[in-house]
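Asks: I would like to see how this sequence folds:
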Amino acid sequence: MKNKVLLCLFPALLFGAGCSTVNEPPPKQVAKAVKPKPVPPRAPVQKPQPYTAKKPAPASGTATYAIDDGKNNFKVEPSLPAFRAEPLMPPADPVPVPEAAVPALPAFAVEEARIPTGTPPAVVALLTEADRNRASGNLDAAVVSTERALRIDSRNPTLTYKLAQLRIKQNKPQLAEELAGKAALLAGSDLDLKRKSWLLIAEARRMQQNYQGAKEAKAKSESFFGR
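Replies: Residues are numbered from 1 along each chain as shown. This next block holds a predicted model:
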């Protein structure tokens, strides 16, 4: 019985509670206090500085120069000591070579050569004229006559040898050596003319101060037996 009464009262209580809640004003919203977030400090803004050219550091051992501002004259400040020119020394005189150090050789005798038999008369006449001019000291005329005879008989070794003799007397040892060498080749089996030609070569080399070559030519002349 009690349960039935409770069941009947329960809906009435619920209805009454609902009406009381509808008439009540809504609760006021309370604003929550929000703490502001800390703002990080800003970096100070640097103002751009005007561009100034850097002065190059002066290198060691070089000159430094003052900056010209347009008011002062240009000035050079050298960092090196002043150069002082030293007087030039005169060249030393060459040491003279003592005469005893140069091996001296005595002059070699230049022998005469006979005109071979069978020589053309025109050549004999020219050689006779050359001998006469040589005896009188006119060596140039003697050379001209001998060269004319050689143009007639160019293969005659005696004419070549006589021209070499004249070059020796003219103090032209290089020409004399060349002519005497040619005469030795043209002499062939004439050993006496070969010997005389090599002896003349020895004298020409001695005049050129080729003493070793002169000794060799003298030894070569002694190797022939047509004396």
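
Asks: now the strands: where do they sit in the protein?
Replies: For the chain, strands defined by DSSP state E occupy the ranges 64-65, 76-77.

Asks: and for Thr128, the neighbour number?
Replies: Look at Thr128: counted by other Cβ atoms under 10 Å, it has 13 neighbours. For glycine as for every other residue, the C-beta is placed from the backbone atoms N, C-alpha and C.

Asks: what's the answer for the one 3 residues further on, then?
Replies: When neighbours are defined as other Cβ under 10 Å, Asp131 has 16 of them.

Asks: pretty sure it sits against Asn138.
Replies: No - between Asp131 and Asn138 there is no contact, the gap being 11.2 Å when judged by Cβ atoms under 8 Å.

Asks: so where's this structure uncertain?
Replies: Within the chain, the ranges that satisfy pLDDT under 70 run 1-103, 225-227.

Asks: would you list every one of the helices in the chain?
Replies: 2-23, 121-135, 139-152, 157-169, 173-186, 191-207, 211-222 (DSSP state H).

Asks: okay if I get those as CSV plus distance to Ala104?
Replies: Shown next, in CSV, are the helices of the chain (distance: least, Cβ to Cβ, whole Å):
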stretch, distance to Ala104
helix 2-23, 159
helix 121-135, 28
helix 139-152, 26
helix 157-169, 18
helix 173-186, 16
helix 191-207, 9
helix 211-222, 8
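
Asks: these: which one's closest to Glu111?
Replies: Closest to Glu111 of these, according to Cβ to Cβ: helix 191-207, at 5.0 Å.

Asks: for Trp143, which residues are in contact?
Replies: Small correction: residue 143 is Val, not Trp. Contact partners of Val143, counting by Cβ atoms under 8 Å, 6 or more residues apart in numbering, are 130, 163, 166-167, 170.

Asks: for Ile115, same thing?
Replies: By Cβ under 8 Å, 6+ apart, the contact set of Ile115 is 124, 127, 158.

Asks: nearest to Leu175, of the residues you listed?
Replies: Thr158 (17.5 Å).

Asks: now do the nearest residue to that closest one once chain neighbours are set aside against Val144, distance only.
Replies: Closest residue to Thr158 apart from its sequence neighbours, by Cβ to Cβ, 6 or more residues apart in numbering: Ala113 at 5.2 Å. The gap separating Ala113 from Val144 is 19 Å, by Cβ to Cβ, to the nearest Å.

Asks: more neighbours: those two, which one.
Replies: Ala113 (22 against 15).

Asks: need the contact list for the more buried one.
Replies: 158, 161-162, 193, 196.

Asks: one more pass at 10 Å, please.
Replies: 157-162, 164-165, 183, 187, 190, 192-193, 196-197, 200 (Cβ atoms under 10 Å, 6 or more residues apart in numbering).
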